[in-house]
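Undergrad: Coordinates for the following, if possible.
(chains A and B)
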2 protein chains.
Amino acid sequence: MSDSLHLSGERFQVVYELRGSSDEAAAAARAIGIEQTVEFPEELVERGSIREQIFGQLTDFHAIDDDVHEATISYSVDLTGGELPQLLNVIFGNTSLKPGVRVKRLELPAALLRMFRGPRFGRDGWRERLAVGKRPLLCTALKPMGLSPHELARLAYQFARGGIDIVKDDHGLANQPFCPFEERVKRCVEAVGKATSETGERVLYAPNVTSPADQLAARAHFAKREGAGALLISPGLMSFDSVRYLAADDALSLPLIVHPALQGSFLVHRSNGISHGVLLAQIPRLAGADAVIFPHAGGRFSFTPDDCREIARAAAEPIEGIAPILPVPAGGMPLARVPELWEFYGNDVILLIGGALHRGKDIIATCREFRRCVEAG
Amino acid sequence: MSDSLHLSGERFQVVYELRGSSDEAAAAARAIGIEQTVEFPEELVERGSIREQIFGQLTDFHAIDDDVHEATISYSVDLTGGELPQLLNVIFGNTSLKPGVRVKRLELPAALLRMFRGPRFGRDGWRERLAVGKRPLLCTALKPMGLSPHELARLAYQFARGGIDIVKDDHGLANQPFCPFEERVKRCVEAVGKATSETGERVLYAPNVTSPADQLAARAHFAKREGAGALLISPGLMSFDSVRYLAADDALSLPLIVHPALQGSFLVHRSNGISHGVLLAQIPRLAGADAVIFPHAGGRFSFTPDDCREIARAAAEPIEGIAPILPVPAGGMPLARVPELWEFYGNDVILLIGGALHRGKDIIATCREFRRCVEAG
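TA: Residues are numbered from 1 along each chain as shown, chains lettered A, B, ... in the order given. Below you'll find the model as predicted:
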């Protein structure tokens, strides 16, 4: 076995929550550091550099409850090669296949953080781009699917006239024959431009660039050239590294909003998966997302207020060299809940109201009502 | 609302398994067709073309058990725009966030299947490339992580000399400083070439090209130029569409093996997620994977014999225009289980034995023993 191995010595930590008896949890904790690294019978690895440097090391293990334990495993930063897919693989690749193990927190040292540039804009970038000082930012989605680009553009105009800051595609708008990407982007940019020329306010249109892997760059740059002000992407459909790729593109330089499509199965079971804070804020932030959409508690999904607080905290907490980003609570919120959402998240939030803006007779008037809610404070 | 909508009329079906009382399941079934398409308050969508063509339609609902129901929803093929990320989004995007809903089966019509070319090689392609007639194919992984390219190449030589058909990188080998991708590929190709020139047999080396989104094509083509015989990729880390992208590349034209890293959370809870057959065979096959790795029952993971049978069936069942592929049961199997695995899967399987090949004193001899197991039949 290799004895010429010289790793940097820098390590990052993953805190796992383990379900089961204390014996089961202790066995699971010991297994993780092997499973996530060498994936090899432990007894066949001779003492030496692989054991010392490559193995994940159990640095803490304690009970939270009779059947819930927490284990901290440290991994060499070198195992990631500075690449996001491999970082995710070390964190939870094979272990995702084991019931009873959930990633709870990541503790990432400067040596690892330096490998990622994170969000290009972040919280402050949104406010600069929109020239909005303190209040929550407002967002809505172009929907329902089935409308033509012309009809969606008409909606985009109304939203922009009504004082919405960010008008995004519904995440299900891709490049369907009834709503082709390029035509939609052209028309919506034009419609939003018309509205802002009338109001003098800034509004960002964010088309959905979730697309086949080889079309992502083309769609993103098409949107940029046409005048889109931000982009929407679903990392669960395309990968977190696609987000990083867009964020790293100097010629693109647009704020990125991520949507949680297909990520739910990591979240809904407390006994396996990845915590809300890690999956919906810490990892997207590392990847370079500027804002993260998720369903707020009490809507038609299953997130709790604690889950939402965890996401908001992970979006905002100071991380060396990685800008804070904005949470985007959504998921069928009615206008009546805006004051509660504002209180819950504070000013640093993008409030996303979708279908509810269509409930009044006049969309522009309903948007203005939404806007007044966050100017009242 | 739009009344100029003219979709093709072709529809595909998703069978969902729903947990909860019959009332809860009925409500969930009604919600899915809206959630996965318009994501809009139903009562705000006027009668007409969107309701008729865009909404998912509940075509069947029945009880399996007191608290398990099955709902079939049909969706317009046009909603996918012929794109894999959006197909996955329609199948389970937002609904992945709902506890109690699991994707059980996909029923895909010719109109949808035509949008995907599927595996370039498939079951028969492996046998042709390897010139192996009937017996199970043999595979192993280069590990443990921490070995240098030189040391891994030495192992690759031994495996190839011992009669292994496919020598793949461990899925955790990326482009780490202690084992750079290009050096590893060069050395392992060379080592396998040396062995085959001695034995006269064919052996395919499959390096892991799981990588940052913008490096995938370069790594895959580097591997091809150097003489790799197949590629390994983890769609859970990079996206299923990355697999499709590689499979569609005429200039690349290498068989693809997919690994289930980070996909476990879709599988381990029976009450939410995606069935083993769909996630580990039907979708990879549509995407163009030629072989799918998964942990066989009775190892250190939690798959049952039925899960494994479901995967094998979905890999093999006739699908119009989409070649059958090979299951690759793995997950810490000892040599002693080879006869049982052979009986379970039949001849059309790639048996992947990893760490166990290192248990003997002499790796070449242990590989030959493995090979004899499948020539004994």
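Undergrad: Can you show me the helices along the stretch 251-377 of chain A?
TA: For the stretch 251-377 of chain A, the helices defined by DSSP state H, counting those that start in this stretch occupy A:276-277, A:283-287, A:305-316, A:338-345, A:363-375.
Undergrad: Select, out of the ones you listed, the one closest to B:Asp67.
TA: Comparing those against B:Asp67 with C-beta to C-beta, the closest turns out to be helix A:305-316 (25.2 Å). Backbone N, C-alpha and C define where each C-beta goes, glycine included.
Undergrad: circling back: among the helices of the stretch 251-377 of chain A, which is the most enclosed?
TA: Among these, ranked by average contacts under mean count of other C-beta atoms under 10 Å in any protein chain shown, first place goes to helix A:283-287 (a mean of 27).
Undergrad: need the helices of the stretch 251-377 of chain A in a markdown table with mean pLDDT and distance to chain B, can you?
TA: Converted to a markdown table, the helices of the stretch 251-377 of chain A look like this (pLDDT from 0 to 100; distance: least, C-beta to the nearest C-beta, whole Å):
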| stretch | mean pLDDT | distance to chain B |
| --- | --- | --- |
| helix A:276-277 | 98 | 11 |
| helix A:283-287 | 98 | 11 |
| helix A:305-316 | 98 | 11 |
| helix A:338-345 | 97 | 17 |
| helix A:363-375 | 97 | 11 |
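Undergrad: Tell me which of those sits nearest to A:Asp249.
TA: A:Asp249 lies closest to helix A:283-287 among the helices of the stretch 251-377 of chain A, at 13.1 Å (C-beta to C-beta).
Undergrad: Which of the helices of the stretch 251-377 of chain A sits closest to A:Cys188?
TA: For these, proximity to A:Cys188 was assessed by C-beta to C-beta; helix A:363-375 is nearest, at 14.9 Å.
Undergrad: tell me the angle of that closest one relative to helix A:338-345?
TA: 40 degrees (axes from the mean of the first three to the mean of the last three C-alpha atoms, to 10 degrees).
Undergrad: and the stretch 101-250 of chain A, which residues reach chain B?
TA: Applying C-beta under 8 Å from any C-beta of the partner chain, we find that the stretch 101-250 of chain A lies next to chain B at A:143-148, A:151, A:170-172, A:174-178, A:210-214, A:216, A:234, A:236-239, A:241-242, A:244-245.
Undergrad: and the least confident helix or strand in chain A by mean pLDDT, anywhere near chain B?
TA: Lowest on mean pLDDT, DSSP states H and E among the helices and strands of chain A sits helix A:49, with a mean of 91. Yes. Contact of helix A:49 with chain B (C-beta under 8 Å from any C-beta) involves A:Ser49.
Undergrad: next SSE after that helix?
TA: Downstream of helix A:49, the first helix or strand assigned by DSSP states H and E is strand A:57-65.
Undergrad: any low-confidence regions in chain A?
TA: Residues of chain A meeting the criterion pLDDT under 70: A:1-3, A:47, A:377.
Undergrad: how about a cut-off of 50?
TA: By pLDDT under 50, the low-scoring segments of chain A are A:1-2.
Undergrad: between the helices of the stretch 251-377 of chain A, which gets nearest to B:Val328?
TA: Using C-beta to C-beta, the nearest of those to B:Val328 is helix A:283-287, at 28.4 Å.
Undergrad: which strands and helices sit next to that closest one?
TA: Contacting helix A:283-287 under the criterion 3 or more C-beta pairs under 8 Å, 6 or more residues apart in numbering or on different chains; DSSP states H and E are the following elements: helix A:84-92, helix A:240-247.
Undergrad: what number of residues lie near the residue lying closest to A:Glu317 once chain neighbours are set aside?
TA: Spatial nearest neighbour of A:Glu317, chain neighbours left out: A:Pro324 (7.4 Å); criterion: C-beta to C-beta, 6 or more residues apart in numbering or on different chains. A:Pro324 has 19 neighbours, counted by other C-beta atoms under 10 Å in any protein chain shown.
Undergrad: Repeat that for A:Glu182.
TA: 15.
Undergrad: So it sits against A:Phe222, correct?
TA: Yes. A:Glu182 lies in contact with A:Phe222 (C-beta atoms under 8 Å); the separation is 6.2 Å.
Undergrad: buried residues in the helix or strand hosting A:Lys104?
TA: Element membership of A:Lys104 [criterion: DSSP H and E] is strand A:101-107. For strand A:101-107, burial by neighbour count (16 or more other C-beta atoms under 10 Å in any protein chain shown) applies to A:101-106.
Undergrad: what separates A:Val192 from chain B, distance-wise?
TA: 20 Å (C-beta to the nearest C-beta, to the nearest Å).
Undergrad: Now do the contacts for that residue.
TA: A:156-157, A:160, A:167, A:203, A:205, A:229 (C-beta atoms under 8 Å, 6 or more residues apart in numbering or on different chains).
Undergrad: who's in contact with the residue lying closest to A:Pro305 once chain neighbours are set aside?
TA: Using C-beta to C-beta, 6+ apart and skipping the chain neighbours, the partner closest in space to A:Pro305 is A:Ala297 (4.6 Å). By C-beta under 8 Å, 6+ apart, the contact list for A:Ala297 reads A:303-305, A:307-308.
Undergrad: mind listing what's buried in the lengthiest helix in chain A?
TA: Scanning chain A for the longest helix, with DSSP state H as the assignment, gives helix A:181-199. By neighbour count on 16+ other C-beta under 10 Å, the buried set for helix A:181-199 is A:181, A:184-193, A:195-196.
Undergrad: Could you single out the nearest of those residues to chain B?
TA: Minimum distance to chain B across the buried residues of helix A:181-199 is 8.5 Å, recorded for A:Phe181 (C-beta to the nearest C-beta).
Undergrad: The spatially closest residue to the closest one that is not a sequence neighbour: what's it in contact with?
TA: With C-beta to C-beta, 6+ apart as the criterion, A:Phe181 has its nearest non-adjacent residue at 4.1 Å, and that residue is A:Asn175. Neighbour list for A:Asn175: A:181, A:211, A:219, B:81, B:83, B:86 [criterion: C-beta under 8 Å, 6+ apart].
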